[in-house]
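*Asks:* the amino acid sequence is not available; the structure is as follows:
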């Protein structure tokens, strides 16, 4: 297997950077990361609550559908949520649920009743309210953990894509949704990317997770990655990049980057060490 590249500079507390030379390498490591989070959570809590984003992230998870994970993971303990969803029908081409079902859920033995998609027959505002209610009920019965710091749900793992503008989930730069403190799930009607109507976890919920993984690939993400990861964010963009606002209160953040997305980090820090598996 090709070598993994690890950044050797200081980052924010509880933040780890993993940079990969190939998409296959990234998928292999991400599968192992998810597997370990699942095993630890099932051992400690008896359940594994995971929240997904859509897009290329789901395709990076496909190694979980094969050996050894399809046989070794306790899929019956998985509870699946979405950190963001487009307000479209479940069979719509832009539905995160549709993509995840086709690329992942249909290929592993996750219980149907443990998959929590949004109500696609409701308005986007109603869908956000309903989704938060569902999560609150699952927190009550301890299928989803709770943060002792702020009473937010404490998902065992939240997986996020990062866009070229640094958005994560459906939290976009300079959007009022970034300022929400008490809501767990909110909605937007003005997404700069289509479709405009979406629901999304809020930052307090994301930052309450036990584990957070952000996947970023491509040179068009490089600047946002550099701004987000830098421990000394300065300048007008410092507080406008949502990915940079992902800072776990009592958990761990891991960045999964390809070389292109990490290129500005390499230029800025100049210090990488190659470590083989």
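*Replies:* Received, thanks. None of the values given here were measured: they were computed from a predicted structure. Numbering: from 1, shown residues only.

*Asks:* now stretch 189-203: buried residues?
*Replies:* By neighbour count on 16 or more other C-beta atoms under 10 Å, the buried set for stretch 189-203 is 191, 197, 198, 199, 200, 201, 202, 203. Where you see a C-beta, it was placed from the backbone N, CA and C, and this is true even at glycine.

*Asks:* mind checking the SS state of the first one?
*Replies:* Pointing back at residue 191 there. coil (DSSP: H, G, I helix; E, B strand; the rest coil).

*Asks:* re earlier: farthest pair in the buried residues of stretch 189-203?
*Replies:* 197 and 203 (19.8 Å; C-beta to C-beta).

*Asks:* so which residues of the stretch 101-250 of the chain form strands?
*Replies:* Along the stretch 101-250 of the chain, counting by DSSP state E, counting those that start in this stretch, strands occupy 145-146, 153-154, 157-161, 185-188, 198-201, 211-216.

*Asks:* tabulate those strands (JSON lines), appending mean pLDDT and distance to residue 138.
*Replies:* Below are the strands of the stretch 101-250 of the chain laid out as JSON lines (pLDDT from 0 to 100; distance: least, C-beta to C-beta, whole Å):
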{"stretch": "strand 145-146", "mean pLDDT": "96", "distance to residue 138": "10"}
{"stretch": "strand 153-154", "mean pLDDT": "98", "distance to residue 138": "8"}
{"stretch": "strand 157-161", "mean pLDDT": "98", "distance to residue 138": "15"}
{"stretch": "strand 185-188", "mean pLDDT": "98", "distance to residue 138": "13"}
{"stretch": "strand 198-201", "mean pLDDT": "98", "distance to residue 138": "14"}
{"stretch": "strand 211-216", "mean pLDDT": "97", "distance to residue 138": "18"}
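
*Asks:* to residue 14, which of those strands lies closest?
*Replies:* Per C-beta to C-beta, nearest to residue 14 of the strands of the stretch 101-250 of the chain: strand 211-216, 9.4 Å.

*Asks:* for that closest one, which outside residues touch it?
*Replies:* Defining contact as C-beta atoms under 8 Å, 6 or more residues apart in numbering, one finds that strand 211-216 is touched by 26, 30, 33-34, 37, 56-57, 60, 156-162, 168, 206, 224-225, 243, 246, 248, 251-258, 261.

*Asks:* partners of that strand in the sheet?
*Replies:* According to DSSP bridges, strand 211-216 has the following sheet partners: strand 157-161 (parallel), strand 252-258 (parallel).

*Asks:* which one of the strands of the stretch 101-250 of the chain lies closest to residue 48?
*Replies:* strand 157-161 (7.6 Å).

*Asks:* and the closest one, which residues are buried?
*Replies:* 157, 158, 159, 160, 161.

*Asks:* hmm, the third one is touching residue 53, no?
*Replies:* Yes: counting by C-beta atoms under 8 Å, residue 159 sits close enough to residue 53 to count as a contact (6.1 Å).

*Asks:* and for those two, which residues touch both?
*Replies:* With C-beta under 8 Å, 6+ apart, residue 159 and residue 53 have common neighbours residue 83.

*Asks:* returning to what we had before: mind putting the buried residues of strand 157-161 in JSON lines, distance to residue 22 included?
*Replies:* Shown next, in JSON lines, are the buried residues of strand 157-161 (distance: C-beta to C-beta, whole Å):
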{"residue": "157", "distance to residue 22": "23"}
{"residue": "158", "distance to residue 22": "25"}
{"residue": "159", "distance to residue 22": "20"}
{"residue": "160", "distance to residue 22": "21"}
{"residue": "161", "distance to residue 22": "18"}
